[in-house]
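Enquirer: A structural model of the following input is requested.
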Amino acid sequence: MASVPDISAVVISWNTRELLARCLGSIARERERAGLTVETIVVDNASSDGSAAMIEERFRDARLIVLPENRGFAAANNVALASARGPAVLLLNPDAELAAGALDALWRALHAAPHVGLVGPLLLNSDGSVQSAGHAFPGLAQVLIDLFPLHPRLVASRLNGRVTRYDGLSPMAIDHPLGACMLVRRAVVDNVGGLDEGYFMYSEEIDWCRRIRAAGWTILLAPAARVVHHGGQSSGQAPEAMFLALHRSRARYLRRYEPAWVLPVASRAAGLAAWAAGCRGRPERARALEAVSRLYRVAADD
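Expert: Below you'll find the predicted structure:
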């Protein structure tokens, strides 16, 4: 009988073949560096770029699950979670790479206290600049910042729910990390369940963390763990569809956790943003925002 690994590493793939290879390579390097046993599970969401063949050829120790259709991020992760055997599960995007020492730092932070249920790293852009250090749970302010063009400093500020003060080394409590990299206790999954498959893409990790926090677990940022997130490689293949998916998920999240008046306000705000985009001579943006306004209106009426 195979021994139980320390960590089950889960990667969801959709047409990111070369980045996926770098991601899986970083897992292999970091498990050796940390001295941890890791089983790697890759769920391929019906890729057409040869990702599955690459895994079978270059990463034969990985367990590959090929889905016949793209079921989305949450559903694909749940497929992997159902067969993961480790007491800790690493959810890692295919466009993310573990930097030196990242897995060890995440592991240590997760085991800092028994009430710690989930840990996220400091995410870096491809150029090494900080992408995300964690977030507060979103509300109407985040929707408005998404809809209207604002100064980048406001987008990266606490007004937009960003964690901006940390010492770069000590773990600190946050509401949620980005879903690009999360190390979670198996006991947490057994406690609160998997990701909500009603989210096809986006906001599923926020909803999950909200349930985790509500169940009494602590969520930490471990800034000593650095992970490079190249970002948007899957969603960038269909930007308009992903823009609508983002706000469809936001609408689902707001309906579940925010007061009833928030969705009608979000719908009106999206309509105003569509009008403004039309006035600036951006008809495609205006049409997309009109669709977003309808999404929020329908969610408010449900």
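
Enquirer: pLDDT weak spots in the stretch 101-250 of the chain?
Expert: Within the stretch 101-250 of the chain, the ranges that satisfy pLDDT under 70 run 232-238.

Enquirer: touching, residue 65 and residue 81? I think so.
Expert: No: counting by CB atoms under 8 Å, residue 65 sits too far from residue 81 to count as a contact (11.4 Å). Yep, even glycine has a C-beta here, placed from its N, CA and C like the rest.

Enquirer: looking at those two, which is more packed in?
Expert: Set residue 65 next to residue 81 and count neighbours by other CB atoms under 10 Å: residue 81 wins out with 21 against 17.

Enquirer: who touches the closest residue in space to that one that isn't next to it in sequence in this structure?
Expert: With sequence-adjacent residues excluded and distances taken as CB to CB, 6 or more residues apart in numbering, residue 81 is closest to residue 194, at 5.2 Å. By CB atoms under 8 Å, 6 or more residues apart in numbering, the residues touching residue 194 are 74, 77-78, 81-82, 208.

Enquirer: relative to residue 207, how far out is residue 194?
Expert: Distance from residue 194 to residue 207, counting by CB to CB, to the nearest Å: 11 Å.

Enquirer: how about the helices in this protein?
Expert: Assigned by DSSP state H, the chain shows helices spanning 17-34, 51-58, 73-83, 102-110, 140-147, 152-155, 186-192, 204-214, 239-257, 262-279, 283-301.

Enquirer: hmm, residue 131 and residue 125 touching each other?
Expert: Yes: contact criterion CB under 8 Å: residue 125 and residue 131 qualify, at 4.8 Å.

Enquirer: who touches both of those two?
Expert: Shared contacts of residue 125 and residue 131 (CB under 8 Å, 6+ apart): 229, 231.

Enquirer: related to what we said a few turns ago, could the helices of the chain go into TSV alongside distance to residue 227?
Expert: Listed next are these as TSV, based on distance: least, CB to CB, whole Å:
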stretch	distance to residue 227
helix 17-34	9
helix 51-58	20
helix 73-83	17
helix 102-110	6
helix 140-147	22
helix 152-155	21
helix 186-192	20
helix 204-214	14
helix 239-257	21
helix 262-279	31
helix 283-301	30
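
Enquirer: wait, which of those helices is closest to residue 178?
Expert: Among these, the nearest to residue 178 by CB to CB is helix 204-214 (7.0 Å).

Enquirer: hmm, back to that, nearest to residue 4 among the helices of the chain would be which one?
Expert: Nearest to residue 4 among the helices of the chain is helix 186-192 (10.1 Å), distances taken as CB to CB.

Enquirer: domain map for the chain?
Expert: Per automatic domain parsing, the domain ranges recorded for the chain read 7-235, 236-301.

Enquirer: which of the ones you listed is buried the deepest?
Expert: When the domains of the chain are scored by mean count of other CB atoms under 10 Å, the highest mean neighbour count falls to domain 7-235 (a mean of 19).

Enquirer: hang on, isn't residue 29 packed against residue 101?
Expert: No: using CB under 8 Å, residue 29 is not in contact with residue 101; the gap is 10.6 Å.

Enquirer: next up, the contacts around residue 159.
Expert: Neighbouring residues of residue 159 by CB under 8 Å, 6+ apart: 141, 145.

Enquirer: what do you get if the cut-off is 7 Å, keeping everything else the same?
Expert: Residue 159 makes contacts with residue 141, as judged by CB atoms under 7 Å, 6 or more residues apart in numbering.

Enquirer: and the one 3 residues further on, by the same measure?
Expert: For residue 162, the set of contacting residues under the criterion of CB under 7 Å, 6+ apart consists of 135, 156.

Enquirer: could you do residue 33 as well?
Expert: For residue 33, the contact set (CB under 7 Å, 6+ apart) comprises 100-101, 104.

Enquirer: recalculate using a threshold of 10 Å.
Expert: With contact taken as CB atoms under 10 Å, 6 or more residues apart in numbering, residue 33 is in contact with 98, 100-104.

Enquirer: how about residue 299?
Expert: 247-248, 250-255, 262-264, 266-267.

Enquirer: residue 245 now?
Expert: The contact partners of residue 245, by CB under 10 Å, 6+ apart, come to 72-73, 199-203, 235, 238, 295.

Enquirer: geometric centre of this protein: which residue is closest?
Expert: Centroid check for the chain by CA atoms, centre = their mean gives residue 179 as the closest residue, at 1.8 Å.
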